[in-house]
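Visitor: Pasting the sequence and the predicted model now:
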Amino acid sequence: MKKRYFGTDGIRGRVGEAPITPEFMLRLGWACGRVFSEGAAEQVSVIIGKDTRVSGYMFESALEAGLVAAGANVKLLGPLPTPAIAMMTRSQNAAVGIVISASHNPYYDNGIKFFSGLGAKLSDEVELAIEAALDIPMQTVDSAQLGKATRLVDAAGRYIEFCKATLPGQYTLKGLHIVLDCAHGATYHVAPAVFRELGANVKVIGAEPDGFNINKGVGSTATELLSQQVVETQADFGIAFDGDGDRVLFVDADGSLVDGDALLYVLAMHRLAVGQSDPGVVGTQMSNMGLEIALGEQGVQLARTQVGDRYVRERMAAEGWQLGGESSGHLICGDVTTTGDGIVAALQVIKAIVASGRSLSDLLSGMKRLPQVMINVPLPETSLDLEGDNPVSSICREVESSLQGRGRLLLRPSGTEPVIRVMVEGDDAVEIQGLAEQVADVIRCA
């Protein structure tokens with residue numbers, strides 16, 4: 001069955017426009033409470049956290065009311081990174097964790113992400129069950145069965161200690177000068193504490209949220225200020241999180257951006273060097289071909305999945321591998337956590353840098369990125385047919401033939417925007433730009 005509301009990473013959209021409305025969130029909370037309460041021997045517990053968007057207050061209250069009406073107990077964590085909600089869902093033995101966030105989107109968007117009691121993204125079957133429950137008339141349980149809501153005031157401290165504990169005991173970052181960019185988002189009060197308590201000299205930017213400035217000119221989607229600060233302060237490197245803290249990118253000492261593919265390479269090579277490597281790591285369709293080539297030269301396979309960290313995690317579990325990630329900075333270190341965690345992944349990268357005794361840029365010398373072009377094209381009114389005899393499928397075949405194994409063409413509907421992403425990758429930057437524009441022009445006319 002096709003899902004109506006759930007996309008690549010939960011439910012997301014513009015605040016005030018369906019389904020991102022208080023009325024829908026009330027029903028969504030009730031539907032979630034109903035699904036997870038079915039067959040339960042006692043009242044279930046649900047964790048709710050959020051990022052720093054002003055609309056988070058409104059949706060937190062609506063979800064809370066719906067869940068309580070369905071008979072579920074609610075524990076409110078306040079602003080915390082998405083992976084902290086996953087961790088707290090596990091540690092509190094909750095049935096489900098809910099995050100109110102639109103990740104890297106502007107403040108006027110918001111959304112909902114879910115975690116299972118194991119701290120992983122929900123399965124398609126559970127998401128479909130929640131959608132089905134949305135069609136049932138909402139009924140409040142008897143007053144004796146109503147849930148209760150409490151606030152966990154020490155959640156941030158627990159998460160800080162969890163992050164630090166992913167490194168060996170007595171591990172220190174003393175001697176490192178780091179610039180942190182918290183995107184005015186959910187990491188603003190926990191990330192600086194983690195790195196400072198581990199001994200690093202930390203300069204912080206993007207840590208003054210006002211409800212409206214999340215991701216605005218800062219964070220992993222806007223790293224110019226971070227690059228400037230790293231160079232000006234002569235820091236060892238900079239670290240950028242996105243609004244909800246499940247992504248991380250680095251900036252090296254000369255201000256150059258280091259994306260998720262490059263960080264995945266650093267992690268994989270470190271594990272290979274210390275004898276902890278699996279036969280492969282998991283990336284996505286968007287992972288740069290240069291990563292695949294570099295890993296292959298060291299005997300490590302890159303397995304690709306569709307875009308979305310949930311699919312990366314599923315493939316990791318299927319292969320029995322511990323490392324996976326996306327170009328965007330969703331990095332999953334499966335031996336220390338269950339989901340993409342910006343702070344934890346950053347600590348693992350730093351551990352690799354320190355263990356090598358080399359600079360970040362030096363560690364990346366073994367990976368040569370292939371030029372990659374991405375064009376976002378508004379979705380055509382008619383569905384795209386890539387198999388039949390039509391202009392779109394024809395131009396795709398022509399492009400793939402011209403690349404002759406030197407690169408890739410990928411068409412992917414966005415999970416968060418009404419666009420088709422046209423990606424062309426190859427060894428000639430000028431050539432792939434022209435090829436991507438050809439495909440985009442044909443789609444616009446479809």
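Guide: On my side now, so go ahead.

Visitor: Do a quick rundown of the strands in the stretch 101-250 of the chain.
Guide: Ranges of strands in the stretch 101-250 of the chain, per DSSP state E, counting those that start in this stretch, are 109-116, 149-151, 177-181, 201-205, 237-241, 248-251.

Visitor: right, so of those strands, which gets closest to residue 344?
Guide: Residue 344 lies closest, by Cβ to Cβ, to one member of the strands of the stretch 101-250 of the chain: strand 248-251, at 8.9 Å. For every residue, glycine as well, the C-beta is placed using N, CA and C.

Visitor: Show residues contacting that closest one.
Guide: 179, 220, 223, 226-227, 230, 237-241, 257-260, 262-263, 329, 331, 342-343, 345-346, 349, 360 (Cβ atoms under 8 Å, 6 or more residues apart in numbering).

Visitor: want to throw the strands of the stretch 101-250 of the chain into a markdown table with distance to residue 99 and mean neighbour count?
Guide: As requested, the strands of the stretch 101-250 of the chain are exported to a markdown table (distance: least, Cβ to Cβ, whole Å; neighbours: other Cβ atoms under 10 Å):
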| stretch | distance to residue 99 | mean neighbour count |
| --- | --- | --- |
| strand 109-116 | 4 | 24 |
| strand 149-151 | 16 | 13 |
| strand 177-181 | 21 | 24 |
| strand 201-205 | 23 | 18 |
| strand 237-241 | 15 | 29 |
| strand 248-251 | 17 | 28 |
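
Visitor: Please name whichever of these is nearest to residue 338.
Guide: Taking those one by one with Cβ to Cβ, strand 109-116 is closest: 8.3 Å.

Visitor: So which elements touch the closest one?
Guide: When contacts are defined as 3 or more Cβ pairs under 8 Å, 6 or more residues apart in numbering; DSSP states H and E, strand 109-116 packs onto strand 11-14, helix 22-37, helix 56-69, helix 82-91, strand 96-100, helix 124-133.

Visitor: any idea of the mean pLDDT for the first one?
Guide: Okay, so that is strand 11-14. Mean per-residue pLDDT for strand 11-14: 95.

Visitor: Please apply the same query to the longest one.
Guide: For helix 22-37, the mean pLDDT works out to 98.

Visitor: Repeat that for the fifth one.
Guide: In this model, strand 96-100 has a mean pLDDT of 98.

Visitor: strands paired with that strand, and their directions?
Guide: strand 45-50 (parallel), strand 109-116 (antiparallel) (DSSP bridges).

Visitor: and of those strands, who's closest to residue 277?
Guide: That would be strand 109-116 among the strands paired with strand 96-100, by Cβ to Cβ, at 28.2 Å.

Visitor: Name the residues that touch the closest one?
Guide: 9-15, 20, 25, 28, 32, 47, 53, 55-56, 59, 63, 82, 85-86, 89, 96-103, 105, 121-123, 126-127, 339.

Visitor: wouldn't residue 374 be in contact with residue 420 here?
Guide: No - checked against Cβ atoms under 8 Å, the pair residue 374 and residue 420 is beyond contact range at 10.9 Å.

Visitor: Run a quick neighbour tally on residue 2.
Guide: 5 (other Cβ atoms under 10 Å).

Visitor: Which helix or strand contains it?
Guide: Of the helices and strands defined by DSSP states H and E, none includes residue 2.

Visitor: I'd like the distance between it and residue 121.
Guide: Counting by Cβ to Cβ, to the nearest Å, the gap from residue 2 to residue 121 is 18 Å.

Visitor: Now the residue nearest to residue 422 when sequence neighbours are not counted: which helix or strand?
Guide: Of all residues not flanking residue 422 in the chain, residue 375 sits nearest, at 4.6 Å (Cβ to Cβ, 6 or more residues apart in numbering). Per DSSP H and E: residue 375 is located in strand 372-378.

Visitor: Quick one: mean pLDDT over that strand.
Guide: Per-residue scores along strand 372-378 average to 92.

Visitor: Which stretches in the stretch 101-250 of the chain count as helices?
Guide: 124-133, 155-165, 191-197, 224-233 (DSSP state H, counting those that start in this stretch).

Visitor: let me redo that: the stretch 251-400 of the chain
Guide: 260-273, 289-297, 309-319, 342-356, 360-363, 391-403.

Visitor: Now the fifth one - C-alpha only, PDB.
Guide: Right, helix 360-363. Extracted in PDB, the C-alpha atoms of helix 360-363 (Å, rounded to 0.1, in the frame of the first residue of the first chain):
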ATOM      1  CA  LEU A 360      41.700  15.500   8.400                       C
ATOM      2  CA  SER A 361      42.800  16.700   5.000                       C
ATOM      3  CA  ASP A 362      45.600  14.200   4.900                       C
ATOM      4  CA  LEU A 363      43.300  11.300   5.800                       C
END
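
Visitor: Please point out which parts of it sit buried.
Guide: Within helix 360-363, the residues that qualify as buried are 360, 363, counting by 16 or more other Cβ atoms under 10 Å.

Visitor: so residue 253 makes contact with residue 361?
Guide: Yes - using Cβ under 8 Å, residue 253 makes contact with residue 361 at a distance of 6.9 Å.
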